[in-house]
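[1] Fold the following, please.
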Amino acid sequence: MTKYEVMFIINPTLEDEKKDATVETVQSIIAADGEVEKVDVWGMRKLAYPIEKKEEGYYVVIEFAGNPTLPKELDRRLRISDNVMRHIIINKDEK
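    Next up, the predicted model:
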């Protein structure tokens, strides 16, 4: 299995329950085809530039291992999510 890392920024105007539910949803997507190794919730941080007229975002970083098709599916699901403002998936084995 290949090691990956996903960082995503959740809309800061959501209630805490919805933020937690979004993190759980991402974990369940990963767990379906791979395994979650580490979840690191950074919390509220100032954005480098405004996104959707918001100055802050709720940051989460998840390290996981999975097959090569998992990042494509995860990217597709995060892209259509209304709760996630931005995301990036990195292949940690390519270094």
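
[2] how about stretch 18-36: buried residues?
    Using 16 or more other CB atoms under 10 Å as the burial criterion, the residues of stretch 18-36 that qualify are 19, 22-23, 26, 29-30, 34, 36. All C-beta atoms are positioned from the backbone trio N, CA, C, and that covers glycine.

[3] just curious, which of those is nearest to E94?
    Minimum distance to E94 across those is 16.5 Å, recorded for G34 (CB to CB).

[4] need the longest strand for this protein.
    Scanning the chain for the strand with the most residues, using DSSP state E, yields strand 34-51.

[5] for the chain, what spans make up the strands?
    2-10, 34-51, 54-66, 84-91.

[6] Make JSON lines from those strands and add distance to K72 and mean pLDDT to it.
    Listed next are these as JSON lines, based on distance: least, CB to CB, whole Å; pLDDT from 0 to 100:
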{"stretch": "strand 2-10", "distance to K72": "11", "mean pLDDT": "96"}
{"stretch": "strand 34-51", "distance to K72": "12", "mean pLDDT": "95"}
{"stretch": "strand 54-66", "distance to K72": "11", "mean pLDDT": "96"}
{"stretch": "strand 84-91", "distance to K72": "9", "mean pLDDT": "96"}
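
[7] re the thing from before, biggest separation within the buried residues of stretch 18-36, which pair?
    K19 and G34 (22.5 Å).

[8] Report the contact partners of the closest residue to K18 other than its chain neighbours.
    Of all residues not flanking K18 in the chain, N83 sits nearest, at 6.6 Å (CB to CB, 6 or more residues apart in numbering). The neighbourhood of N83, defined by CB atoms under 8 Å, 6 or more residues apart in numbering, consists of 10-11, 14, 18-19, 22.
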